[in-house]
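Q: Predicted model and sequence follow; I will ask about them next.
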Amino acid sequence: MLNLILLGPPGAGKGTQAVKLKEKYSIPHISTGDIFRKNIKEGTELGIKAKMYMDKGELVPDDVVIGIALSRLCESDCEGGFLLDGFPRTVHQAEELSAFLADSGRALDLVLDINVDKDELVRRLSGRRVCKLCGATFHVTGMPPQKDGICDKCGGELLQRADDSEETVTNRIEVYNRQTMPLVDYYEKMGVIAHIDGAAGLENVFSEITKSIEA
Ligand code: AP5
Ligand code: MG
Ligand code: ZN
């Protein structure tokens, strides 16, 4: 059983590290952002609601997010552990998660707090490209695909995320600092947090993370 949370600002590399962690530890990767984007693509009621907030870089309201994340954690593939990416994002979400885990006899093993400075976040997000079909993530200069605009994994078209425009990126970082940063203190007090330098290369960040998990 390995119950993990990836915490960190937009562009910190949560999704990128999640792909590797999921494989190494065989735990499901649960990204509330991915759940919302899937719903937007399918045109569901949830997707229509979430899009109004996401396009502005604001958080989707707690009463919408909490139910979705906690019901996902009730699915059978989470019995052996989970990797949360982008949830919780407010103190209220964190409190609800703590209560839920206590009720179901589970506990958090580690919260990985990935830190990257603002200029680098903006650079990463403005150059990010995501596969339309499989969701694989690239960066135009940092992690370019072999063929321009085409996914290495499935040949799908690479697109820019709707909320990766410069204006929205700036707001997302501010929203993170205001609404999500307090979680660092929250988990510090619970004694389950590890601080990771996210500015290093992908492999170095991954090895720092696995060392903290196995410490
Ligand atoms: P979400 O999808 O969670 O987005 P985010 O938190 O803003 O984070 P990102 O996905 O942008 O960044 P990441 O850390 O995953 O970075 P990545 O690995 O892709 O949320 C989107 C929206 O949904 C929110 O704004 C909100 O509206 C809503 N939402 C979601 N959850 C919610 C919740 N709980 N409550 C309320 N609302 C919620 O990497 C970024 C780029 O950098 C890539 O190009 C990558 O190739 C590159 N890169 C990664 N690592 C490195 C490295 N080590 N060195 C160099 N480049 C790197
Ligand atoms: Mg992500
Ligand atoms: Zn693909």
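A: Happy to help now that I have it. Quick caveat: nothing in here was measured; it's all calculated off a predicted structure. Numbering: from 1, shown residues only. Ligands and ions are numbered 1, 2, ... in the order given.
Q: so where's the chain shaky on pLDDT?
A: When residues are selected by pLDDT under 70, none of them lie in the chain.
Q: Show me which residues of it are close to ligand 3?
A: Cys131, Leu133, Cys134, Ala136, Cys151, Lys153, Cys154, Gly156 (C-beta under 5 Å from the ion). No exception for glycine: its C-beta is placed from N, CA and C like everyone else's.
Q: so which of these comes closest to Ile35?
A: Nearest to Ile35 among the residues of the chain next to ligand 3, counting by C-beta to C-beta, is Cys134 at 16.1 Å.
Q: What separation is there between that closest one and Asp34?
A: Separation of Cys134 from Asp34 (C-beta to C-beta, to the nearest Å): 12 Å.
Q: Which one of those two is surrounded by more residues?
A: Taking neighbours as other C-beta atoms under 10 Å, Cys134 and Asp34 compare with Asp34 leading, 15 against 11.
Q: Check which helix or strand that one maps to.
A: When elements are assigned from DSSP states H and E, Asp34 belongs to helix 32-42.
Q: and that helix, does that touch ligand 1?
A: Yes. With C-beta under 6 Å from any ligand atom as the criterion, ligand 1 is reached by helix 32-42 at Thr32, Gly33, Phe36.
Q: got the CA positions of that helix in PDB?
A: As requested, C-alpha coordinates have been extracted for helix 32-42 and formatted as PDB (Å, rounded to 0.1, in the frame of the first residue of the first chain):
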ATOM      1  CA  THR A  32      -8.500  15.800 -11.200                       C
ATOM      2  CA  GLY A  33      -7.400  18.100 -14.000                       C
ATOM      3  CA  ASP A  34      -7.300  15.100 -16.400                       C
ATOM      4  CA  ILE A  35     -10.800  14.000 -15.200                       C
ATOM      5  CA  PHE A  36     -12.100  17.500 -15.900                       C
ATOM      6  CA  ARG A  37     -10.400  17.600 -19.400                       C
ATOM      7  CA  LYS A  38     -11.900  14.200 -20.300                       C
ATOM      8  CA  ASN A  39     -15.400  15.600 -19.300                       C
ATOM      9  CA  ILE A  40     -14.900  18.700 -21.300                       C
ATOM     10  CA  LYS A  41     -14.000  16.600 -24.400                       C
ATOM     11  CA  GLU A  42     -17.100  14.500 -23.900                       C
END
